[in-house]
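Engineer: Next come a sequence and a model predicted from it.
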Amino acid sequence: MGDGSQGNEAHRVTKGERVAEWAGGRLGVYTPRRAKSRRAFPDHWSFMLGEICLYSFIIIVVTGVYLTFYFHPSMKEVEYQGSYAPLQGQLVSEAFNSTMHISFDVRGGLLIRQAHHWAALVFVAAILVHMMRVFFTGAFRKPRELNWVFGFLLLVLGMFGGLTGYDLPDDLLSGTGLAVVNGTILSVPIVGTYLSMFLFGGEFPGNDLVARFNTIHVLLIPALMVGLLVVHLVLVLRHKHTQYPGPGRSNKNVVGLPPKVRAVKSAGFFFLVAGVVFVIASVAQINPVWVYGPYRADQVSAGSQPDWYMGIADGLLRVMPGWEIDFWGHTLALDNLIPLTAGVGLFLAMGAYPFIESWVTDDDREQHLLDRPRNRAVRTAFGVAWISFYLVALIGAANDIIAIRFHVSVESVTWGVRVGLFAVPVTAYAVTKRCALGLQRQDRDRVLHGRETGIIKRLPHGEFIEVHEPLGPEQLHVLTQHEQYKPIGPGPAGDGGGPGTGSRLAQLLRARLSRSFYGEGTQTAKPTAQEYKEITGEHRH
């Protein structure tokens, strides 16, 4: 009895230690305090993408604070008496009236409004591109899985922050978009009606919409984003920076600039980003609410388009057939529910990917050296397929504009997008994978035979050959330093079995995924030292 209890207790402690070890490796909460060492920051242009996110967020906050001094988040109707003559005397909401006041009567108000909007677009674009850089180079691997999740949450919050801010002016364009949002919410089974009533304060559009969205946009979302940014930056500093492979670079060091030099460059880059945003805001008009007019529930703005980051949702809605089914006396609006599920699933797949790859590779080591995308053919192909699906859906969001500009029917564009949503990602995956494998074979050939010099030599028996020059140590290191994983077997021999790995079905799924990632036809074997010696020896003879 006593021995069995001790055994069970030891088993429970082992599980707890395993959880603590996992958290400590990612958060550093259980690691001892290390002596401060000279920190280095890699100096590669791709790391600036993360800085663009941070600096554009600062611009959003600063300009947003300025706008709150003049904006009135109320849907109470007033008579417009501002400087814009075509709307004078019309009944508008206080939100629309204050937006017009900012645009035409507040000194610099229109510039700040447009800089705020452009900075939001730049922020979401930069964070998406930054995440794609992290994805393709494998910078999300241990110990940075949680940092990937925080970045993913920042992307989602940025999208919803843009959506709520886009709807605050209470103009016809934003109202049209809100009607679409309301229809999507209503399609959620069981709770959709309650969510709509809670969000809009009653039957759409309600009377509390702007006030509620203003609270979400000004207080809730920024507070969450600041918290995520702080944690994200703390973890970046704790785990040290990743770096691209090269001579002298390993998982135990960082080669780059000292903190003071990096700080000076970052400060200059901040002013450059701010300058670009304000130049764009001063020359490129965006969201001219006076052209659209105030929102009216019985009107729809023709040619309405959402901001690009919400285009995937609008595109999926536009190309979905108008399917509905009756289920137990209730109507399921599949024309809204299926696009909502597909869009959410697309982003959840991106957020969960680091944990999926970690499970498939069974690699629990810390990784601080980045991958070359070509050396992870399946991952790179998945990323390109994801982006292609996004872009096709974005095209669907502009099906009416495309039809008008190119003088084709809307139905033709819609059907093209429908086919493209299935065909393009599959094609992109196959083509990208083949290109990556081709580049791997090219790297293998360069390692074994050297680079082409362009010098033609005639051999004694009359054959003409091109002289190859051996690669230098630096090039050889970059082309051969990467590790190639082996697929995991379905049983204990492949470290895929045992009592702690789950059911037999999970083991088989893991083995199959592992073969699809690293099995035959997914990577080109890199040259071994023996092959290199044999080839170079033949060249010498």
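Structural biologist: Arrived safely. Residues are numbered from 1 along each chain as shown.

Engineer: going forward, measure contacts and count neighbours with C-alpha atoms only.
Structural biologist: Will do.

Engineer: Of all residues in this structure, which one is nearest the centre?
Structural biologist: residue 128 (3.6 Å; CA atoms, centre = their mean).

Engineer: Name the spans of the stretch 351-500 of the chain whose pLDDT lies under the cut-off.
Structural biologist: Applying pLDDT under 70 to the stretch 351-500 of the chain flags the ranges 491-500.

Engineer: can you pull out the strands in it?
Structural biologist: For the stretch 351-500 of the chain, applying DSSP state E, counting those that start in this stretch gives strands covering 451-458, 464-469.

Engineer: Which among those strands is found nearest to residue 351?
Structural biologist: Closest to residue 351 of these is strand 451-458 (CA to CA; 40.4 Å).

Engineer: winner for burial among the strands of the stretch 351-500 of the chain?
Structural biologist: Among those, ranked by average contacts under mean count of other CA atoms under 10 Å, first place goes to strand 464-469 (a mean of 14).

Engineer: So which other helices or strands are in contact with it?
Structural biologist: Where contact means 3 or more CA pairs under 8 Å, 6 or more residues apart in numbering; DSSP states H and E, strand 464-469 is packed against strand 451-458.

Engineer: Select the longest helix from the protein.
Structural biologist: In the chain, taking DSSP state H as the definition, the longest helix is helix 410-449.

Engineer: Any buried residues in that helix, and which?
Structural biologist: Using 16 or more other CA atoms under 10 Å as the test for burial, helix 410-449 gives 410, 413-414, 416-418, 420-421, 424-430, 432-434, 436-441, 443-444, 446-449.

Engineer: again with stretch 284-291
Structural biologist: Neighbour-count burial for stretch 284-291 [16+ other CA under 10 Å]: 287, 289-290.

Engineer: With stretch 353-362 instead?
Structural biologist: Buried residues in stretch 353-362, defined by neighbour count with 16+ other CA under 10 Å: 353-354, 357, 360-362.

Engineer: just how off-centre is that stretch within its chain?
Structural biologist: Distance of stretch 353-362 from the chain centroid (CA atoms, centre = their mean, to the nearest Å) equals 18 Å.

Engineer: how about the CA coordinates for it, as PDB?
Structural biologist: Extracted in PDB, the C-alpha atoms of stretch 353-362 (Å, rounded to 0.1, in the frame of the first residue of the first chain):
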ATOM      1  CA  TYR A 353       1.100  25.600 -36.000                       C
ATOM      2  CA  PRO A 354       4.200  25.800 -33.700                       C
ATOM      3  CA  PHE A 355       2.700  23.200 -31.400                       C
ATOM      4  CA  ILE A 356       1.700  21.000 -34.300                       C
ATOM      5  CA  GLU A 357       5.300  21.000 -35.700                       C
ATOM      6  CA  SER A 358       6.800  20.500 -32.300                       C
ATOM      7  CA  TRP A 359       4.600  17.400 -31.800                       C
ATOM      8  CA  VAL A 360       5.500  16.100 -35.300                       C
ATOM      9  CA  THR A 361       9.300  16.600 -35.000                       C
ATOM     10  CA  ASP A 362       9.500  15.500 -31.300                       C
END
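
Engineer: need the contact list for the closest residue to residue 432 other than its chain neighbours.
Structural biologist: Closest residue in space to residue 432, ignoring its immediate chain neighbours: residue 381 at 5.1 Å, by CA to CA, 6 or more residues apart in numbering. If you count contacts by CA atoms under 8 Å, 6 or more residues apart in numbering, residue 381 has them with 428-433.

Engineer: ok, now with 10 Å
Structural biologist: By CA atoms under 10 Å, 6 or more residues apart in numbering, the contact list for residue 381 reads 136, 373-374, 387, 425-436.

Engineer: repeat for residue 274
Structural biologist: 52, 55-56, 58-59, 115, 119, 280 are the contacts of residue 274 under CA under 10 Å, 6+ apart.

Engineer: Also residue 247?
Structural biologist: The contact partners of residue 247, by CA under 10 Å, 6+ apart, come to 255, 473-478, 481.

Engineer: Give the ChimeraX command for selecting the buried subset of those.
Structural biologist: Remark: buried members of those, expressed as a ChimeraX selection using 16+ other CA under 10 Å:
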select :255,476,477
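
Engineer: Would you point out the most distant pair within the contacts of residue 247?
Structural biologist: It's 255 and 476 that sit farthest apart of these, by CA to CA, at 18.7 Å.

Engineer: Next, count neighbours for the closest residue to residue 292 other than its chain neighbours.
Structural biologist: Distances taken as CA to CA, 6+ apart put residue 172 closest to residue 292, at 5.5 Å, once the chain neighbours are dropped. Per other CA atoms under 10 Å, the neighbour tally for residue 172 reads 24.

Engineer: Residue 172 reaches residue 301, doesn't it?
Structural biologist: Yes. Between residue 172 and residue 301 there is a contact at 6.1 Å, judged by CA atoms under 10 Å.

Engineer: Got the phi and psi for the nearest residue to residue 75 once chain neighbours are set aside?
Structural biologist: Spatial nearest neighbour of residue 75, excluding adjacent residues (CA to CA, 6+ apart): residue 93 at 4.8 Å. The phi/psi pair for residue 93 (degrees, to the nearest 10) reads phi -80, psi 160.

Engineer: Can you read off the pLDDT for the residue nearest to residue 289 when sequence neighbours are not counted?
Structural biologist: Spatially, and ignoring its direct neighbours in sequence, residue 289 is nearest to residue 171 (6.0 Å; CA to CA, 6+ apart). For residue 171, the model assigns a pLDDT of 91.

Engineer: same thing with the one 5 residues further on?
Structural biologist: Residue 176 is assigned a pLDDT of 86 by the prediction.

Engineer: Then the one 3 residues further on?
Structural biologist: Residue 179 carries a pLDDT value of 86.

Engineer: Point me to the helix or strand that includes it.
Structural biologist: helix 172-186 (DSSP states H and E).

Engineer: and that helix, what does it pack onto?
Structural biologist: On a contact count with 3 or more CA pairs under 10 Å, 6 or more residues apart in numbering; DSSP states H and E, helix 172-186 meets helix 145-166, helix 192-200, helix 289-292, helix 311-319, strand 330-333, helix 334-361.

Engineer: Just say which of those is most tucked in.
Structural biologist: The highest mean neighbour count among these, using mean count of other CA under 10 Å, belongs to helix 311-319: a mean of 24.

Engineer: The very next helix or strand once past that one pairs with which strands?
Structural biologist: Per DSSP H and E, the first helix or strand lying C-terminal to helix 311-319 is strand 324-327. If you go by DSSP bridges, strand 324-327 pairs up with strand 330-333 (antiparallel).

Engineer: which residues do residue 172 and residue 301 both contact?
Structural biologist: 292-293, 295.

Engineer: Make sure the residue nearest to the centre of the chain is indeed in a helix.
Structural biologist: Yes. Residue 128 forms part of a helix when assessed by DSSP: H, G, I helix; E, B strand; the rest coil.

Engineer: how far away is the residue lying closest to residue 248 once chain neighbours are set aside from residue 473?
Structural biologist: Distances taken as CA to CA, 6+ apart put residue 255 closest to residue 248, at 7.9 Å, once the chain neighbours are dropped. Look at residue 255 and residue 473: by CA to CA, to the nearest Å, they are 18 Å apart.
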